[in-house]
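1. Sharing a sequence plus its predicted fold:
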Amino acid sequence: MLQVKRWCDDLIGLLLPNLCNACGAAVYHSEDLICTKCPYDLPFTDYHQHGENRVAKQLWGRVLFNAAMAMLYFRKGAKVQNLIHNLKYNGRTDVGVLLGGLLGERPKVSSFYQDVDLVIPVPLHHKKYKYRGYNQGTFIAEGIADKMEIGFSEKNLVRNNATESRLKKTVTTALKICRTFLA
Ligand SMILES: [Zn+2]
């Protein structure tokens, strides 16, 4: 039955092709979020392997943290921007889970992130949440937690602008993963 549904979806895909969320090319299977080429084409960093990477250096002296990283290099008009745009502005929360899954693979092979036991998305300001209807970080965090096989919680962090500077001093490594990815 599942196979029949997939054939039907693929037939619909031939008539009304789904497009890769990164490059805009038609995707082969209707459920694919990005084409087969893009995972090999995305500009991945190797920051998870290096404690003294560019992201960590930007945070030195500003907040307490154990490790920080970004998964992808960002360039205006390129694939990474398309992915983030689709996640943030086109309601493609599944792209967030996909990106989180890719991000979650990296700490597993890095000595810097072995102690992480909970992934916490940074809450959106309530005005932004009301406007967008969801926190894109939630879906990225879900993808990370799923891939790392660790916990996920939205209840352990509350955004309060009046105490934001104090909050920043106590964020955990897990929080840093999400924050730097979304920067
Ligand atoms: Zn693509």
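-> Yes, it's here. The shown structure was predicted, so the numbers you read here are calculated from the model rather than taken from an experiment.
2. burial of residue 57, as a residue count?
-> Other residues lying near residue 57 total 10 when counted by other C-beta atoms under 10 Å. No exception for glycine: its C-beta is placed from N, CA and C like everyone else's.
3. Would you agree it falls within a helix?
-> Yes: using DSSP: H, G, I helix; E, B strand; the rest coil, the assignment for residue 57 is a helix.
4. From residue 66, how far off is it?
-> Distance, residue 57 to residue 66, by C-beta to C-beta, to the nearest Å: 15 Å.
5. What are the boundaries of the helices in the chain?
-> With DSSP state H, the ranges of helices along the chain come out as 2-15, 38-41, 54-59, 79-89, 93-108, 126-132, 136-148, 164-169, 173-182.
6. What does residue 36 show for phi and psi?
-> Dihedral angles of residue 36 (phi, psi; degrees, to the nearest 10) stand at phi -70, psi -20.
7. What number of residues are in the vicinity of it?
-> Count around residue 36 with other C-beta under 10 Å applied: 12.
8. before we move on, what about residue 27?
-> Other residues close to residue 27 by other C-beta under 10 Å number 19.
9. same thing with the one 3 residues further on?
-> Under the neighbour criterion other C-beta under 10 Å, residue 30 is assigned a count of 17.
10. Give me the nearest residue to residue 92, chain neighbours excluded.
-> Of all residues not flanking residue 92 in the chain, residue 86 sits nearest, at 4.2 Å (C-beta to C-beta, 6 or more residues apart in numbering).
11. For residue 138, see how far away residue 153 is.
-> 10 Å.
12. Which parts of stretch 137-145 count as buried, going by neighbours?
-> With burial defined by 16 or more other C-beta atoms under 10 Å, the residues of stretch 137-145 counted as buried are 137-145.
13. need the residues of this structure near the ion, please.
-> 20, 22-23, 25, 35, 38 (C-beta under 5 Å from the ion).
14. one step back: biggest separation within the buried residues of stretch 137-145, which pair?
-> Taking C-beta to C-beta as the measure, the buried residues of stretch 137-145 span a maximum distance of 12.0 Å, between 137 and 145.
15. who touches both of those two?
-> Counting by C-beta atoms under 8 Å, 6 or more residues apart in numbering, residue 137 and residue 145 have no common neighbour.
16. low-confidence ranges in the chain?
-> Residue ranges of the chain with pLDDT under 70: 1-2, 5-16, 162-183.
17. quick one, domains of it?
-> Using automatic domain parsing, the domains assigned to the chain come out as 1-37, 42-182.
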